[in-house]
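S.K.: I need the structure of the sequence given here:
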Amino acid sequence: MNQSSLLKKYLMALTGIVLVGFVLVHMAGNLQVLIGREAINAYAYALQNLPAPILWGSRLFLLVCVLVHAVTAYQLIKENRMARPRANEIEVTKRAGWASLRMGLTGSLMLAFIVFHLLHFTIRAIFPEYNDMKTTVGSPDGSEIHDVYSMILAGFQVDAISIFYVICMFLLCRHLAHGVSSMFQTLGFRSERWRGKLDLAAFAYGWIIFAGFSIIPVLVIAQKYGLVNCLETCGSSCSVNL
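M.R.: Numbering: from 1, shown residues only. Predicted structure coming up:
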């Protein structure tokens, strides 16, 4: 392997560590929806009101990590395809799992999902009416703040969006299950002795992320159709039309 490819693999692994950590923290923050409106609104308000250098610095850092991860992944996939003899394709397919063979595809879909997610809940360009959702619940001083709780419930009450999110979280799960394991290998932590344990840990991590992110849209849809009643209602402010 040449020095250029080795550097790309290290960049993939190091940016992967950042993104894996971010996904876990982001999931933990989202799960505060299950505690209630006050918890998630206060959490979101605190994040949005971090000092500008911290808020925008962290956003820029994450954006750079995503772009570096995506570009180096594309370059490595392209190099591997050019270097691989056609006769070896059957043998490689036998040894590699579905996630390994489809890392480029799942990664591309995740990149598209990130754009949609930002437009949906962060920039709120898809449903501008989210901007009108205000409340004092979770406000540190009693002033009106953005009602993130109602926005999340409104977003996931649209069946197609909830289904889309769950499917994307499954793809993320498969991407992480292979990616985290490969990350250990690239950084030299996955010896033959630890291979099985690290692969199992990566597999478990992927499914934990899937469960943590999927539980909210699943519960919102289940409550919408009267199957459960475990979330606070938010009245007409949760009504969003496609």
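S.K.: show me the strands in the chain, by range?
M.R.: Secondary structure of the chain, counting by DSSP state E: strands at 134-135, 145-146.
S.K.: tell me which of those sits most buried.
M.R.: Each of those was scored by mean neighbour count; the highest is strand 145-146, a mean of 20, by mean count of other CB atoms under 10 Å. Glycine gets a C-beta too; all of them are placed from N, C-alpha and C.
S.K.: low-confidence ranges in the chain?
M.R.: Along the chain, segments meeting pLDDT under 70 span 1-2, 84-102, 190, 234-242.
S.K.: the strands of the chain: which one's closest to His120?
M.R.: When the strands of the chain are compared by CB to CB, strand 145-146 sits nearest His120, at 14.3 Å.
S.K.: so what does that closest one touch, helix or strand wise?
M.R.: When contacts are defined as 3 or more CB pairs under 8 Å, 6 or more residues apart in numbering; DSSP states H and E, strand 145-146 sits against helix 37-48, strand 134-135.
S.K.: parallel or antiparallel, which strands does it pair with?
M.R.: Here strand 145-146 is paired, per DSSP bridges, with strand 134-135 (antiparallel).
S.K.: now the helices for this structure?
M.R.: Under the criterion DSSP state H, helices of the chain are mapped to 3-30, 37-48, 52-83, 89-95, 98-101, 103-117, 148-156, 159-186, 192-224.
S.K.: now do the buried residues in the last one.
M.R.: Pointing back at helix 192-224 there. Of the residues in helix 192-224, those with enough neighbours to count as buried (16 or more other CB atoms under 10 Å) are 198-199, 202-203, 205-206, 209-210, 212-221, 223-224.
S.K.: same thing with the second one?
M.R.: Taking 16+ other CB under 10 Å as the neighbour-count basis, helix 37-48 is seen to contain the buried residues 37, 39-45.
S.K.: can I get the CA coordinates of it in CSV?
M.R.: As requested, C-alpha coordinates have been extracted for helix 37-48 and formatted as CSV (Å, rounded to 0.1, in the frame of the first residue of the first chain):
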residue,chain,number,x,y,z
ARG,A,37,-40.9,18.7,26.8
GLU,A,38,-39.0,20.6,29.5
ALA,A,39,-35.9,18.4,29.3
ILE,A,40,-35.5,18.4,25.5
ASN,A,41,-36.4,22.1,25.2
ALA,A,42,-33.9,23.1,27.9
TYR,A,43,-31.2,20.9,26.3
ALA,A,44,-31.8,22.3,22.8
TYR,A,45,-31.8,25.9,24.1
ALA,A,46,-28.5,25.4,25.9
LEU,A,47,-26.9,24.0,22.8
GLN,A,48,-28.2,26.8,20.5
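S.K.: how far off centre is that helix?
M.R.: Counting by CA atoms, centre = their mean, to the nearest Å, helix 37-48 is centred 19 Å from the centre of its parent chain.
S.K.: before we move on, back to that, farthest pair within the buried residues of helix 37-48?
M.R.: Spatially, the most separated pair among the buried residues of helix 37-48 is Arg37 and Tyr45, at 11.9 Å (CB to CB).
S.K.: who touches both of the two?
M.R.: In the contact map built from CB atoms under 8 Å, 6 or more residues apart in numbering, the residues linked to both Arg37 and Tyr45 are Gly138.
S.K.: ok, back up a step: which of the buried residues of helix 37-48 lies closest to Ile161?
M.R.: Ile40 (18.1 Å).
S.K.: Arg124 versus that closest one, what's the distance?
M.R.: As defined by CB to CB, to the nearest Å, Ile40 lies at a distance of 16 Å from Arg124.
S.K.: and for Ala201?
M.R.: Relative to Arg124, Ala201 is positioned 36 Å away (criterion: CB to CB).
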